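Asker: Got a predicted model here, sequence first, then my questions.
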Amino acid sequence: MQLTVLVRHNFTLLLREPGPVLSRLLQPIVLITLMRPLYTAALPGAAGTVQVVTGMQVMFSLLALSVVGTAILTERTWHTWDRLRATSVRPSVLLTGKAVPAFAMLLTQQAVVLGFGVVAFGLRVANAGLALLAATSWVLALLGMGAALGAVLRSQSELNVAYDIGGVLLSALGGALVPLAKLPGWARAIAPGSPGYWAMSALRSAAAGRAEPTIRASAVLLGIALVFGALAAWRIGRGWSRSRLL
């Protein structure tokens, strides 16, 4: 009952401010359309289409961390976390209530961007089940990271820096903007440290129908989700959820 009320409330909050969600849905579609000729000219066969679609999936879902982090940071700013913590609601229930609407939003984003690539440019997805596994694992990793940022950072300005710079950096290191093979040697060496690397690996492998690398990359993403989700729950459960207004 508590979880149902929180989920319904957070869906309402998300729908009242649709701007950030719509921008994360429309921007990748615009960039795919504009940049696909460049990628198809540079890469052989269907590789250009796969690169631009999966790359935009990863980059704009990382930028969508702002939606997840802001949802938590807003509660902290107005000290509603403290009021909820004074009740019998557990920190894990609080986070789940925030996570379910964000999960639906992020998974919709993945489906819209991938579906656009399939319908508009003939992107071939060899195995829909693997694609769903890859997208779901990536969304869960995003939720964990976004929740941790929202629970740890102290202000909206800090959050803006984290998802603006961090989102682009992790996307670039993961091979979302430029194929991994084209990156400098030092960047290729540290690329596995980026969640974007594993997201690109999972999504590209799923599109090609390769089960083993998809499952391996998805397992890493689920591990990232667990680590960051646990950090967020622990931080809030310890009562370190206060923020400062800037």
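Answerer: Nice, thanks for sending it over.
Asker: next SSE after whatever helix or strand Ala148 lives in?
Answerer: Per DSSP states H and E, Ala148 falls inside helix 128-152. Using DSSP H and E, the helix or strand that follows helix 128-152 in sequence is helix 156-173.
Asker: mind listing what's buried in that next one?
Answerer: Of the residues in helix 156-173, those buried by neighbour count under the rule 16 or more other Cβ atoms under 10 Å are Gln156, Glu158, Leu159, Ala162, Tyr163, Gly166, Gly167, Val168, Leu170, Ser171, Ala172, Leu173. Every C-beta, even on glycine, is put in place using the N, C-alpha and C of the backbone.
Asker: give the contact list for Val125.
Answerer: By Cβ atoms under 8 Å, 6 or more residues apart in numbering, the contact list for Val125 reads Leu114, Val118, Ala131, Ala206, Ala207.
Asker: For the residues you listed, name the two members farthest from one another.
Answerer: Using Cβ to Cβ, the two most remote members of these are Val118 and Ala206, lying 12.7 Å apart.
Asker: Highest neighbour count among the contacts of Val125?
Answerer: Ala206 (29 neighbours; other Cβ atoms under 10 Å).
Asker: quick revisit: quick one: which of the contacts of Val125 sit in strands?
Answerer: Counting by DSSP state E, none of the members of the contacts of Val125 fall within strands.
Asker: Give me the subset of those that lies in helices.
Answerer: Leu114, Val118, Ala131, Ala206, Ala207 (DSSP state H).
Asker: which residue packs closest to the last one, ignoring adjacent ones?
Answerer: On the basis of Cβ to Cβ, 6 or more residues apart in numbering, the spatially nearest residue to Ala207 that is not a chain neighbour turns out to be Val125, at 5.2 Å.
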